[in-house]
Structure formats: C-alpha cells, structure tokens
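K.L.:
structure for this input, please:
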Amino acid sequence: MGVLSFDPIAMKIGASYYPEILPKADWERDLGVGRDLGLSVLRCGEFAWSAFAQDQDSWTPEWALEFLDVAARLGYDVIWCTPSATPPPYLFDEWPDLHGVNIDGHTVPVGLRRHYCPSHSGYRARCIEIGGRIFQSLMEHTAIKGWQIDNELAGDGFTCWCDRCQAAFQRWLRERYGSLQALNKAWQTGVWSQVYTRWEQIPIPAKIFPSHAPAIRLDYRRFRSHNWLAFYNGQADALRKLGARSVTTNFFNLTWDMPFDHWQWRPHLDAIGVSHYMEEETASRFQLAELVGPQPGDKPLWVLEQKAGQQAAQNLFPEDLSRIERHLRTCKEAGAEYAIYWHLRQHSAGCEMEHGAVLRHDGRATRIAEAIRDAIQKVEAVEVKVAPANALLVFSFQQQWANESHPQPGTPFDYREEIEQHWFGAACDAFGAIRIGAADHVTPQHKLVLVPHFAMLEPGCQDRLHACAMAGGTVVVTANFGARDFQNNVLREPPLGCFSTWTDLPAFEMFHLKDSYRVPGTLHDLQVAGRQFWALPLRNCGDAAIGCLEADGRAGPLALRLGIGLGKIIILLTSLDRTGLAELLRRL
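P.N.:
Numbers count the residues shown, from 1 in each chain. Predicted structure coming up:
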C-alpha cells in the first residue's frame, strides 16, 4: 500500500483583500506587489455589506466592478464572498429582534460580527436578497472564479439563546422524534425525573450547566449543524439558481467550537473551503485530509484563509518564518487548488488592526512578504500525497460531539486529538498518507478499515464493517468501557457485544488506568508504551492474542485477532502510542 506519486499540480496562492476600505489609488500598487511575490488569487467581499448598500435604498456595486477590472488586468483569480457575517446597524433598526441573545439574556450589540440570530427568517431572506444582488451585479466579470457564502459560519463560538432559536430547536426535535413519548424513551428522561410533557419545556443545553443530559447536548449539536446548513443553503441555492458555479463556505479548524458535521455538509458544497490556522504539522495534515475526504479529487480543496503574519502582534516580534513554507507545503501535499493568506495588507483601523498580513499598514513588503515569496518558489515542485485507495480511517463528528458532551470525570480523553495525533499520525508513518471518511464510506472493497474508539455506534456502521471483513478486509477497532447508542446513552450490553453475532469473544473485564500509569508491552518483539486510556486483562485467549500486556499483576494480550469470513477484526485492548500503532499497521 505504497504512496502513489503524481506530477506536481498548479496551486494558486493568494491573499484576502478589502478594496472597500482602501483608497482606489492603492489597489493597483498593492496587487502589483502581490503579483511580484507570486500571488495570483484574491478573496474579497466578506464584510462589504455597507459598501454595496449604505442604507436600505442605495445600491452601489460600481466600486467592486472597478476593482475587479484591476484584478483581472493583473492576472488574479477572485473568490467573492457574500457579506452575511456582518449586517450593518440599520438592519437592527428595522428588526430590533435581530440581535443575538447570550446565555444571561443580554442582547449582543451591533459593532461585532456574528451578532445576529441565525434563525431569524427575515434576516435569512435579506441575506439571500443581498447575495443575489451582488451576484447579478458582478456575475459577468471574468475575474470571479468562485463564491464563498458568509465567513466562518457560527464563528467565535457564539450560541444564540433567544426564544426563536429555542423554538427552532424544539421544532427540529418534533420532526426528528415525532412524539414526546419517542423522545423521552430515546433520551431516557426518567433519570432525574426529566420527562417532558410539552415540547416548549425543552431547553437549550448550556456548557455552564454540565449536568444537562448527554442526549440533549448531543442532539443540540446536531440541530446547530442543521440550522446553519439551512442558513448556508438559502444563499447557496439562490446563487446557483442565478447561474453561480463553485459555491462554498470556509469552515474553521476542528479545534474551535464548530457545530458542523462535514460529512453531512459535503453534498451541499461545490468546493471544500476552510480557514486553516493550524500550525502543528500532524493536526494541519489531518484537518486537510479530513476535508479532502475518502475520494480525493471529487471536490476541489480551497484553503481560503491561513495565517500570514502574527495574530495580534503587528508582525513586530521575531518568529520562526519557516512555518510559512511548512504550512504551504502541507496545502500542496493535500492537493489544494487555492491557498489564500489572511490577509494582503494590514488594516489601519478596527478590531483586527494589530493582526499581521503579507504587507504592512503602509503597503510595504517586509520579512513576512519575503518569506511568502521564498515559500512559493520552494513548494512549486512539491507533489500531492496520494493515499492508498483501499485503506480508510473512520472519523465521526457524532463521536466527537458525544465525547465532548458525555460525562468523563477524571478521564482527560479527547476523541479528535486521539484520532488526529495517534491514529492518523501512525497511519501516515506506516503508509505515507491515509484517506479519512465517515462510517458510511466503508465498502467491501476496503482492505483495511480503522475505526478507533467505537464509543457511539452509528446507524449501519456494524453492517458495513461486517461486510468489509467478510469480503477479506481487516477491521481495526478499539475496546471501550461501553458502546453508546445514537442518543449518547450507554447500551445495556457488554462492551463490544455487537461483535458477538460475528464471532466468539473471550470473556474479559475492562479497567481504566490512572493518569500516571504506563503499561509496558511487546508487539512482535517491538517495545511499545501503552497509554493511559483503555486496557483489558484477559485470560485464555489462545491464538487470538497479539502481544503481551501486564498490569496489576495480571497478564493478557495487547490485542485480539478474530477471523470473520475471509477477513478479520483486530480489537486493540490498550491504547498504543503512535510508534506502536504504526508498527501494528505495517504488519497488518
């Protein structure tokens, strides 16, 4: 399962630019400096609502057309954005109830971004209208190559607590469960006597009240993904009806509170866009591999933002500028079509005036610009890393949300970080690269499927894994304290009991290691360090045993190898470190 080698692809590199807040006389100079550095794509318009419509009755697109003429003359592609992230103050005069509401019941004031209620039907309609007018005004300009809806939807981690959003959540639950009886049964609301008798009783769960049941917290994450997808689709579908192509949005990093299941959003995107500010190499590669998905090349990858200069530092402090080349190389290896810096020229006013950029406030190209120019030249010949087509690492946003919303007292476990740093890292060490997909991307054609932390069983996943193993594939899963259902409740069956219909499982007991505890073990004579998350003492495992585990005076295997049809399932009984996992994958 070696890595295929492709010819280098052309990745266009550019920067975000805000012509609406800069003198027209500066446009050609700034863009000319950018071209000298090697930039060839711009991203514009995300905060330009007031520039197009200073009040309810005005409409002035002429400045944008004039700017696009300059960009086209200098050879730039342009990604234009709809401005719904920052509605102007006059819209709040029209709709006083448009303000978002925080958990204390206070309205979020104007002057911010993402300060509106995302469930407001009037505002959604106005966003569709303003996006359509912008498209119709600019659609014939050849410089525009794609459209970005909004900017970092649901950004800044804001949740609206208004009555409208709560009612929307309750309607979504009614559609999902059909009846309160079904909801109460699914959530097992008898715990603490939380049986709901009216839909209006159901609250929005809050992080500051951690005792809200895991079931409602998980369903609220699903609702937020649904609600923001409807917000996005309203604008995206309207632009497509007018003739737009290549419509996307820019997701933010997985480390932020982003309520999006990318697998559910993927069919609604023409390109996969991201604001990519992750600097740690494995995390950065994982984020982009997850966005590329299980079928590389089916949708283009657009890195619509990445850090140029320092955040909140004015580019004044020394730093390791080799990060610029590393990050650009990661984008190229992932197969990105565009890699766009935020941003071309530093703002001289506003909240983000201290943030670094390619050019300084006065337009000078300093060391950041030089580092970007050098990085562009160095990565020109970098090749795309192509992962084996018959191996898949399953990553579940549902499991991530379940882990984040489930009680874990004394258990500092982060599902995303575990998959990212250990499983993805080990797979890259073993194979060079690996494809990432959801459970429903598993097919009988896969020869190796990694499903770490079977914490929550998604509908249909068991059947897909079984079919894969029966056809000759190897399925690698991890033991856990107990499998959870789709409402984040622990199933009333033994851990990994779902596999008992496939094969005979040895009797076992599971325990949790203390944070300071380490388990020594051997894996085919390879010394590996066990980690503190999961372990199993087992006896009488016979030929199914792999390696050796000793803890608490008891001995047992590191993993079980069980035959199913033409293939097998490997159950890891303790979390191995990256080195141990990589060696296990090589030997499989």
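
K.L.:
what's in contact with stretch 241-251?
P.N.:
The contact list for stretch 241-251 (CB atoms under 8 Å, 6 or more residues apart in numbering) reads 132, 135-136, 139, 145-153, 232, 236, 239-240, 258, 260, 262, 269-275, 291, 300, 302, 304-305. Quick note: C-beta positions are derived from backbone N, CA and C, even for glycine.

K.L.:
now go through the residues you listed and say which are in helices.
P.N.:
Those of those mapping onto helices are 132, 135-136, 232, 236, 239-240, 262, 291, per DSSP state H.

K.L.:
out of the residues you listed, who has the most neighbours?
P.N.:
When those are compared by neighbour count (other CB atoms under 10 Å), Ala236 ends up highest, at 25 neighbours.

K.L.:
if we can go back for a sec, in strands, which of the contacts of stretch 241-251 fall?
P.N.:
Under the assignment DSSP state E, the contacts of stretch 241-251 contribute 145-148, 272-275, 302, 304-305 to strands.

K.L.:
which two of the residues you listed have the greatest separation?
P.N.:
For the ones in strands among the contacts of stretch 241-251, the farthest-apart pair by CB to CB is Lys145 and Ser275; their separation is 18.4 Å.

K.L.:
quick one, which of the two is more surrounded?
P.N.:
Ser275 (21 against 18).

K.L.:
and the nearest residue to that one once chain neighbours are set aside, what does it touch?
P.N.:
In this structure, Ser275 finds its nearest non-sequential neighbour in Glu305, 3.8 Å apart by CB to CB, 6 or more residues apart in numbering. Glu305 sits next to 16, 43, 250, 274-277, 340-342 when contact means CB under 8 Å, 6+ apart.

K.L.:
can you check Arg221 too?
P.N.:
Arg221 makes contacts with 259, 401, 404-405, as judged by CB under 8 Å, 6+ apart.

K.L.:
that one: which element?
P.N.:
For Arg221, the element it lies in under DSSP states H and E is helix 214-241.

K.L.:
where are the low-confidence patches of this structure?
P.N.:
Within the chain, the stretches with pLDDT under 70 are 1-9, 156-157, 257-258, 407-412, 455, 480-482, 494-495, 506-540, 547-557, 574-575.

K.L.:
could you chop it up by domain?
P.N.:
Using automatic domain parsing, the domain parsing of the chain gives 12-82+114-157+220-381, 387-587.

K.L.:
could you export those as TSV, including distance to Trp199?
P.N.:
Below are these laid out as TSV (distance: least, CB to CB, whole Å):
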stretch	distance to Trp199
domain 12-82+114-157+220-381	13
domain 387-587	17
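
K.L.:
of these, which is nearest Asn102?
P.N.:
domain 12-82+114-157+220-381 (10.2 Å).

K.L.:
next one: that closest one to chain centre, how far?
P.N.:
Relative to the chain's own centre, domain 12-82+114-157+220-381 is displaced by 16 Å; criterion: CA atoms, centre = their mean, to the nearest Å.

K.L.:
swap in stretch 573-588?
P.N.:
So, by CA atoms, centre = their mean, the centroid of stretch 573-588 is 25 Å from its chain's centroid.

K.L.:
buried stuff in it?
P.N.:
573-585, 588 (16 or more other CB atoms under 10 Å).

K.L.:
what do you get for stretch 453-462?
P.N.:
Those would be 453-458, 461-462, for stretch 453-462 by 16+ other CB under 10 Å.

K.L.:
stretch 80-97 too?
P.N.:
80-88, 91-92.

K.L.:
who is Gly14 paired with across the strands?
P.N.:
Beta-bridge partners for Gly14, by DSSP bridges, are Val41, Ile340.

K.L.:
all strands of the stretch 251-400 of the chain, in order?
P.N.:
272-275, 301-305, 338-341, 385-386, 391-394 (DSSP state E, counting those that start in this stretch).

K.L.:
out of these, which gets nearest to Phe317?
P.N.:
strand 338-341 (18.3 Å).

K.L.:
which strands or helices does the closest one pack on?
P.N.:
Helices and strands touching strand 338-341, by 3 or more CB pairs under 8 Å, 6 or more residues apart in numbering; DSSP states H and E, are strand 12-16, strand 41-44, strand 77-81, strand 301-305, helix 322-333.

K.L.:
and the angle from the first one to strand 144-148?
P.N.:
Okay, so that is strand 12-16. Strand 12-16 and strand 144-148 are oriented at 60 degrees to each other (axes from the mean of the first three to the mean of the last three CA atoms, to 10 degrees).

K.L.:
what do you get for the last one?
P.N.:
Relative orientation of helix 322-333 and strand 144-148, computed by the same axes, to 10 degrees: 100 degrees.

K.L.:
would you mind listing the buried residues in helix 322-333?
P.N.:
Neighbour counts using 16+ other CB under 10 Å place 324-325, 327-333 of helix 322-333 among the buried residues.

K.L.:
between the domains of the chain, which gets nearest to Gln181?
P.N.:
Of the domains of the chain, the one closest to Gln181 (CB to CB) turns out to be domain 387-587, at 14.4 Å.

K.L.:
just the terminal-to-terminal distance for the closest one.
P.N.:
For domain 387-587, the separation between the terminal residues is 18 Å (CA to CA, to the nearest Å).

K.L.:
Asp485: neighbour count?
P.N.:
For Asp485, the number of neighbouring residues by other CB under 10 Å comes to 16.

K.L.:
mind listing what Ala402 touches?
P.N.:
By CB under 8 Å, 6+ apart, the neighbours of Ala402 are 214, 218, 415, 455-456, 484, 488.

K.L.:
what are the bridge partners for the residue nearest to it when sequence neighbours are not counted, then?
P.N.:
Among residues not flanking Ala402 along the chain, Met456 sits closest, at 4.5 Å (CB to CB, 6+ apart). Bridge pairing for Met456 (DSSP bridges) gives the partners Arg484.

K.L.:
what does Gln194 show for phi and psi?
P.N.:
Main-chain torsions, Gln194, degrees, to the nearest 10: phi -100, psi 40.

K.L.:
try the one 4 residues further on
P.N.:
Backbone torsions for Arg198, taken as degrees, to the nearest 10, come to phi -140, psi 140.

K.L.:
OK, contacts around it?
P.N.:
Here Arg198 is in contact with Leu180 (CB under 8 Å, 6+ apart).

K.L.:
now Tyr177
P.N.:
With CB under 8 Å, 6+ apart, Tyr177 has these contacts: 183, 186.

K.L.:
rerun at 10 Å
P.N.:
183-187, 199, 219, 487 (CB atoms under 10 Å, 6 or more residues apart in numbering).

K.L.:
check Tyr123 too.
P.N.:
The contact partners of Tyr123, by CB under 10 Å, 6+ apart, come to 84, 87, 91-92, 94-95, 97-98, 116-117, 231.

K.L.:
and of those residues, the nearest to Phe424?
P.N.:
Among the contacts of Tyr123, and counting by CB to CB, the member closest to Phe424 is Phe231, at 30.5 Å.

K.L.:
chain neighbours aside, what residue packs nearest to that closest one?
P.N.:
Closest residue to Phe231 apart from its sequence neighbours, by CB to CB, 6+ apart: Pro118 at 5.3 Å.

K.L.:
again, but for His343
P.N.:
Computed as CB to CB, 6+ apart, the closest residue to His343 that is not its neighbour in sequence is Ser16, at 4.0 Å.

K.L.:
before I go, just wanted to say thanks for your time.
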